[in-house]
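J.: here's a sequence, model it:
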Amino acid sequence: AGRLDLQLGGDTPVLRLSISNGQQIALATLSSNWTCVLPPAPAAGSEPTEMDVRLDVTPDEACLTLLRGLSPQPLAQGRVPLAPGQFTAAGGAPAELAATVGGYRLTPWFWNDPAPGPGTPSPSGGPARWRPLASRFGTPDAAGPVFRALRALGDQAPDTLRIAGHMLLADAAAAPGAPRRLPADELESEAFWQGLATAIEAGSASDTARQAALAALADAAMDLALAPPDDGSGDTALVRVRRPGIGAWRGRLSLWMDGLPLQTRSLRGHRADAVEDVRLPLPEAIRTGVHTVTARAEVTWLDQPLVLQQRLVANPGIPRWHVVGPFMLPDGVFTNTVFPPEQETLDLQRLFAAPDGTQMPWQRVEPPPEQPLEADHLIHFAQRFRRQANFAAAYAAAIFDSREAVPATLALGVSDGVQVWLNGACVLTDLRTREWAPGNVRVPVTLVRGANTLLVKSLHADGLWFLSARLEDGAGNPLRGISY
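T.: Residues are numbered from 1 along each chain as shown. Next up is the predicted model:
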């Protein structure tokens, strides 16, 4: 297995494509992502399957398409929206490509005409002649780690690493049967990789860049997920560690929450057992508010120190709500009609008249047990009300405690119009129609110390009807010191 990384935008990418382990592909922007599972890679020793990776960037969205061989039918396709300004940034951003996926020969193709002329098929319509801005990329698996390390170091890469990269590319372009500059027995030698690792560690790059380059060179990685309770057990952190592609390592894996250590495990192994899954229990307090969970591997690989770290935020959004609705808008017209929940002091025991003549209570809404702790809680109003109500309003109330009086940003994901009250004061009225997207409405607020009451009125025209919310600090991170 290998990895292909493609990004537009340099140090602050506006678009990133990542294919890893020959199994999963993800296309991500700053606001959303798309993933799909690839079919199994061809068996070892068989001829690689040719696959085209086609990326179309338009002012509104990026579309990623995978095509196998000459088949016109996409193997997989995903679309993600682009925020204003991302299209312009992507158009002028350099495209960086590194590495391969084991078993596949991957080809990046980019549409070269931002405004196709007459008679030229558009990227989104019908068969098209795709002009490659990057040519076919097929190299030995060893090139992946080397070129990812080169990218991590940039202009500060040592000459030893650059020479190895040039030799690998030359070998890839060589005719079948021609002598290799780096023969297979040398690529399988620990001494070759140890020399590259030593050159990286002795270089002038920053500690962060050197560590990223060493991890890339080792083809080592770590993933972290927060798993909900299973079979009566508590919440757990799932850590998957991919050991180096060559050589052994030894060290320790530690789990932290909010800067305090929870557990430590030893790490040992080599390529023969490349992946290790570790389940570490989390304290019950993980569900009480916003918490940072960090997994950190500190190991020695080929006599060089290597650190891998992953961090997740538990409960990044407001997890618990009470909702009531739907309240039908008069005459099916999208207007900000006033309904009783916004006229009265919040009383979660109050009943309201329903459209069918029955009584509507406030309903408690919490994330489903299977939802990962690091995911935002999305209220699906139609599912909650067991009906799709067009031209209607619903109310969602949340009560939470703040450790101190503090300014914050309320980042809402809304469908259509929204009105917001915090502690009885209206802080936002926005009646524009729109499709739901995380954080598509942002409003500055000031929390009081202690209990805070948030009331959100969701005005819906038609289509899907969702609501999500986060409280963020000035840097856009989930706000600390909040309990629900």
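J.: report the beta-bridge partner residues of residue 310.
T.: residue 295 (DSSP bridges).
J.: any idea how far it lies from residue 245?
T.: Going from residue 310 to residue 245 by C-beta to C-beta, to the nearest Å gives 19 Å. Any C-beta I mention is one placed from the backbone N, CA and C, and that applies to glycine too.
J.: residue 296 too?
T.: Taking C-beta to C-beta, one finds residue 296 at 21 Å from residue 245.
J.: ok, which stretches of this structure are helices?
T.: Ranges of helices in the chain, per DSSP state H, are 86-91, 143-153, 159-173, 184-187, 190-201, 207-218, 381-385.
J.: any idea which helix or strand in the chain has the lowest mean pLDDT?
T.: strand 104-110 (a mean of 37; mean pLDDT, DSSP states H and E).
J.: OK, contacts around residue 222?
T.: 239, 240, 241, 242, 295, 297, 308, 309, 310 (C-beta atoms under 8 Å, 6 or more residues apart in numbering).
J.: okay if I get those residues as a markdown table plus neighbour count, distance to residue 160 and pLDDT?
T.: Output for these, formatted as a markdown table (neighbours: other C-beta atoms under 10 Å; distance: C-beta to C-beta, whole Å; pLDDT from 0 to 100):
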| residue | neighbour count | distance to residue 160 | pLDDT |
| --- | --- | --- | --- |
| 239 | 22 | 33 | 88 |
| 240 | 15 | 31 | 83 |
| 241 | 22 | 27 | 86 |
| 242 | 19 | 25 | 82 |
| 295 | 25 | 31 | 94 |
| 297 | 23 | 26 | 95 |
| 308 | 23 | 23 | 94 |
| 309 | 15 | 26 | 93 |
| 310 | 17 | 29 | 90 |
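J.: mind putting those into a markdown table with distance to residue 323?
T.: Shown next, in a markdown table, are the contacts of residue 222 (distance: C-beta to C-beta, whole Å):
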| residue | distance to residue 323 |
| --- | --- |
| 239 | 36 |
| 240 | 36 |
| 241 | 41 |
| 242 | 42 |
| 295 | 35 |
| 297 | 42 |
| 308 | 41 |
| 309 | 38 |
| 310 | 34 |
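J.: for residue 145, state which of these is nearest.
T.: The shortest approach to residue 145 among these belongs to residue 242, at 12.0 Å (C-beta to C-beta).
J.: shaky segments in the stretch 301-450 of the chain?
T.: Confidence mapping of the stretch 301-450 of the chain against pLDDT under 70 gives the ranges 388.
J.: ranges for the strands of it?
T.: 304-314, 321-328, 351-353, 359-361, 363-365, 379-380, 392-402, 406-414, 417-422, 425-430, 441-447, 450-460 (DSSP state E, counting those that start in this stretch).
J.: looking at those, which is closest to residue 170?
T.: strand 304-314 (26.9 Å).
J.: residues making contact with that closest one?
T.: So strand 304-314 is in contact with 197-198, 200-201, 211, 214-215, 218, 220-226, 239, 241, 249, 251, 286-287, 290-300, 373-374, 477-478, going by C-beta under 8 Å, 6+ apart.
J.: right, and residue 465 touches residue 384 too?
T.: No: Residue 465 lies out of contact with residue 384 (C-beta atoms under 8 Å); the separation is 9.3 Å.
J.: when those two are compared, which one has more neighbours?
T.: residue 465 (26 against 18; other C-beta atoms under 10 Å).
J.: check the gap between that one and residue 361 for me.
T.: 19 Å.
J.: test my guess that residue 219 contacts residue 249.
T.: No: shown here, residue 219 and residue 249 do not form a contact pair, counting by C-beta under 8 Å, at 11.6 Å.
J.: please identify which of the two sits among more neighbours.
T.: residue 219 (24 against 20).
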